[in-house]
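*Asks:* just need the structure, nothing else, for what follows:
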Amino acid sequence: MLIKVYGSAVFGIDATTVVVEVNVDKGIGYHLVGLPDNAIKESNYRIAAALQNIGYKIPGKKITINMAPADLRKEGSAYDLTLALGILAAPHQINSEEIGDYLIMGELSLDGSLQPIKGALPIAIKAKEEGFKGFILPNENAMEAAVVEDFKVYGVDNIKEVIDFFDSGKPLEEVQVENQVEFSEQSSHLDFDFSDVRGQESIKRCMEIAAAGGHNIILIGPPGAGKTMLAKRLPSILPPMTIQEALETTKIHSVVGKVKNRGLMRQRPFRNPHHTISAAALVGGGSYPQPGEISLSHNGVLFLDELPEFERRVLEVMRQPMEDREVTIARAQYTVTYPSSFMLVASMNPSPSGYFNDPDAPLTSSPMEMQRYLAKISGPLLDRIDIHIEVTPVPFDKLSDERKGEGSAIIRDRVIVARKIQAERFSSLEDIHYNAQMGTKLIRKFCVLDEASKTLLKNAMQRLNLSARAYDRILKVSRTIADLEQVDQINTHHISEAIQYRSLDREGWLG
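*Replies:* Next comes the predicted model:
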């Protein structure tokens with residue numbers, strides 16, 4: 001007899017339904033077709049042991065299994081449960097009347113228990129779209145899939161529970177998640193707080209501007225100045241994620257199996273890859289493409305510590321994704337696209353010794369050594385970083401001060417107000433949400449200067465020898481500073497403050 005059971009395959013961040021057709025006929029043999037990978041081909045051993053340990057067995061007949069569409073590559077062990085139920089239902093070992101109404105996925109252990117799968121959220125979204133009654137999957141993934149509203153999700157621990165559900169009608173417990181309640185309860189929780197930072201008031205102001213406008217930022221300073229500490233606290237002042245942003249971010253993390261035992265991600269991601277990372281690990285790729293660090297930091301922060309220590313080739317592959325806010329990975333038979341709208345925060349020492357050209361420093365580097373070190377970062381990459389700021393060591397009197405500084409919650413409130421102003425400004429534009437995303441046309445439209453501001457910017461560019469690429473960046477940053485003050489017109493003090501944040505564009509910066 002022929003039976004159809006339904007599973008799913010994930011490509012990019014979207015799922016495709018897979019029809020598992022199981023036919024049992026006279027003879028002996030086990031034939032699995034439909035472009036399965038080795039993990040799926042080995043499933044018959046896991047299935048045989050699991051069924052035997054719960055009191056069932058694979059029928060001693062000719063079993064032919066087709067995974068349709070047959071020209072689509074299937075990978076992973078998540079089809080074990082799908083295949084096992086098809087093998088039992090086809091020869092009528094269990095009741096199969098409603099088995100085609102549910103999407104079923106899970107990896108089997110030899111004792112019949114279920115192991116977690118990857119991509120449960122996009123699979124659940126697709127199952128709802130295609131009208132399935134529900135989704136049966138391992139308990140560890142149930143909270144993740146239950147994020148999909150108005151759709152039944154059943155988490156199970158053992159294949160015996162699924163067999164009893166179809167064969168004898170024993171009910172499964174539906175998993176439900178109150179998205180709005182849980183999201184609002186935990187989205188304001190902060191792991192790091194700016195109140196812990198002693199001194200560095202100018203840098204905290206700079207981080208506030210970066211958060212308010214979504215600007216990329218690079219921190220330059222000697223070891224121990226607080227660059228990493230400041231960077232780790234940036235997510236604490238970013239606006240809370242919306243439900244839509246949380247869903248997008250959770251889908252990406254679901255694909256790589258990082259969303260177990262929880263529903264929507266409530267905190268903006270903060271990714272901090274080591275400088276030995278490969279290009280494929282950073283932007284995504286592999287034989288079967290997976291999201292890279294830039295996609296895992298979607299709607300959050302990507303922190304690259306010690307930027308010049310990364311391979312130049314690795315950094316260069318970020319240039320297009322930073323501009324397009326998505327990355328496309330092409331293979332011979334298919335192409336996948338992952339979103340990658342992130343804030344880049346980079347930190348670096350000014351020289352190999354770690355110190356500026358300062359005779360009082362423990363180790364010094366010559367201007368030529370500093371220039372050679374900074375040249376490891378290409379101009380086009382720096383062109384995509386709006387704010388450059390120098391971080392100096394904190395003096396002892398500020399380090400020993402017991403008074404706490406301004407907390408992240410207070411700074412975040414100001415950032416949220418500035419973001420609301422930008423959301424209203426760009427409400428008629430589909431892909432623009434904050435100032436850092438503005439192109440040349442929008443800069444000319446929304447960053448209009450009065451005569452005094454034009455004169456100040458002109459003089460600054462001539463006297464400080466600012467590069468041409470700094471012009472648009474200064475205008476965008478000054479627009480954000482004005483938004484933080486809740487004023488429509490960009491004034492001279494907005495321009496003068498924005499000019500300070502272009503350290504690496506100044507001729508003679510290295511002394």
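
*Asks:* pLDDT weak spots in this protein?
*Replies:* Within the chain, the ranges that satisfy pLDDT under 70 run 179-190, 357-361, 396-402, 505-511.

*Asks:* longest strand of it?
*Replies:* strand 14-25 (DSSP state E).

*Asks:* list the buried residues in that one.
*Replies:* Asp14, Ala15, Thr17, Val18, Val19, Val20, Glu21, Val22, Asn23, Val24 (16 or more other C-beta atoms under 10 Å). In short, each C-beta sits where N, CA and C put it, glycine included.

*Asks:* closest to Tyr471 among the residues you listed?
*Replies:* Comparing these against Tyr471 with C-beta to C-beta picks out Asp14 as the nearest, at 40.1 Å.

*Asks:* which ones are touching the closest residue to that closest one other than its chain neighbours?
*Replies:* Spatial nearest neighbour of Asp14, excluding adjacent residues (C-beta to C-beta, 6 or more residues apart in numbering): Pro122 at 5.8 Å. Applying C-beta atoms under 8 Å, 6 or more residues apart in numbering to Pro122 gives the contacts Val10, Ile13, Asp14, Ala15, Lys251, Ser254, Val255.

*Asks:* so where does the closest residue to Val156 other than its chain neighbours fall, helix or strand?
*Replies:* The shortest distance from Val156 to any non-neighbouring residue, by C-beta to C-beta, 6+ apart, is to Val162 (5.6 Å). Here Val162, judged by DSSP states H and E, is contained in helix 159-168.

*Asks:* tell me what that helix is packed against?
*Replies:* helix 80-89 (3 or more C-beta pairs under 8 Å, 6 or more residues apart in numbering; DSSP states H and E).

*Asks:* residues in contact with stretch 268-287?
*Replies:* 232, 234-235, 238, 241, 249, 253, 290-306, 309-311, 313-314, 317-318, 321, 327, 329, 338, 340.

*Asks:* ok, stretch 470-483 next?
*Replies:* Under C-beta under 8 Å, 6+ apart, the answer for stretch 470-483 is 209, 212-213, 215, 386-387, 418, 421-422, 435-436, 438, 440, 443, 446-447, 449, 457, 461, 466, 488-491, 494-495, 497-499, 501-502, 505.

*Asks:* from the chain's centre, how far out does that stretch sit?
*Replies:* With C-alpha atoms, centre = their mean, to the nearest Å as the basis, stretch 470-483 stands 27 Å off its chain's centre.

*Asks:* tell me the buried residues in that stretch?
*Replies:* 470, 472-483.

*Asks:* ditto for stretch 94-102
*Replies:* So stretch 94-102, judged by 16+ other C-beta under 10 Å, has buried residues Ile94, Ser96, Ile99, Gly100, Tyr102.

*Asks:* can you check stretch 29-49 too?
*Replies:* Leu32, Gly34, Pro36, Ala39, Ile40, Ser43, Asn44, Arg46, Ile47, Ala48.

*Asks:* now do it: distance from first to last residue.
*Replies:* Distance between the two ends of stretch 29-49: 17 Å, counting by C-alpha to C-alpha, to the nearest Å.

*Asks:* give me the domain ranges for this structure.
*Replies:* 2-168, 185-505 (automatic domain parsing).

*Asks:* got a markdown table for those domains, with distance to Glu174 too?
*Replies:* As requested, the domains of the chain are arranged in a markdown table below (distance: least, C-beta to C-beta, whole Å):
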| stretch | distance to Glu174 |
| --- | --- |
| domain 2-168 | 5 |
| domain 185-505 | 14 |
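
*Asks:* report the longest helix in the protein, please.
*Replies:* helix 408-425 (DSSP state H).

*Asks:* tell me the bridge partners for Tyr30.
*Replies:* Tyr30 has the following beta-bridge partners by DSSP bridges: Ile63.

*Asks:* from Asn44, how far out is it?
*Replies:* 6 Å (C-beta to C-beta, to the nearest Å).

*Asks:* overlap of the contact sets of those two?
*Replies:* Common neighbours of Tyr30 and Asn44 (C-beta under 8 Å, 6+ apart) are Ile58.

*Asks:* residue boundaries of the helices in the stretch 301-450 of the chain?
*Replies:* 312-316, 319-324, 367-374, 379-382, 396-399, 408-425, 440-446 (DSSP state H, counting those that start in this stretch).

*Asks:* check those helices for me and report the most buried one.
*Replies:* Comparing the helices of the stretch 301-450 of the chain by mean neighbour count (mean count of other C-beta atoms under 10 Å), helix 408-425 ranks first with a mean of 18.

*Asks:* show me the contact partners of that one.
*Replies:* 188, 190, 192-195, 204, 208, 211-213, 233, 236-239, 433-435, 446, 480, 483-484, 486.

*Asks:* just give the number of residues close to the nearest residue to Met322 once chain neighbours are set aside.
*Replies:* Distances taken as C-beta to C-beta, 6+ apart put Arg384 closest to Met322, at 4.9 Å, once the chain neighbours are dropped. A count of nearby residues for Arg384, using other C-beta atoms under 10 Å, gives 15.

*Asks:* before we move on, what about Gly60?
*Replies:* Gly60, neighbours per other C-beta under 10 Å, totals 9.

*Asks:* is it true that it touches Ile28?
*Replies:* Yes. Counting by C-beta atoms under 8 Å, Gly60 touches Ile28, with 6.6 Å between them.

*Asks:* still on that earlier bit, right, and the helices of the stretch 301-450 of the chain - which one's nearest Val5?
*Replies:* helix 319-324 (38.3 Å).

*Asks:* distance between that closest one and the chain's centre?
*Replies:* 15 Å.

*Asks:* just checking, what packs against that helix?
*Replies:* Using 3+ C-beta pairs under 8 Å, 6+ apart, helix 319-324 sits against no helix or strand.
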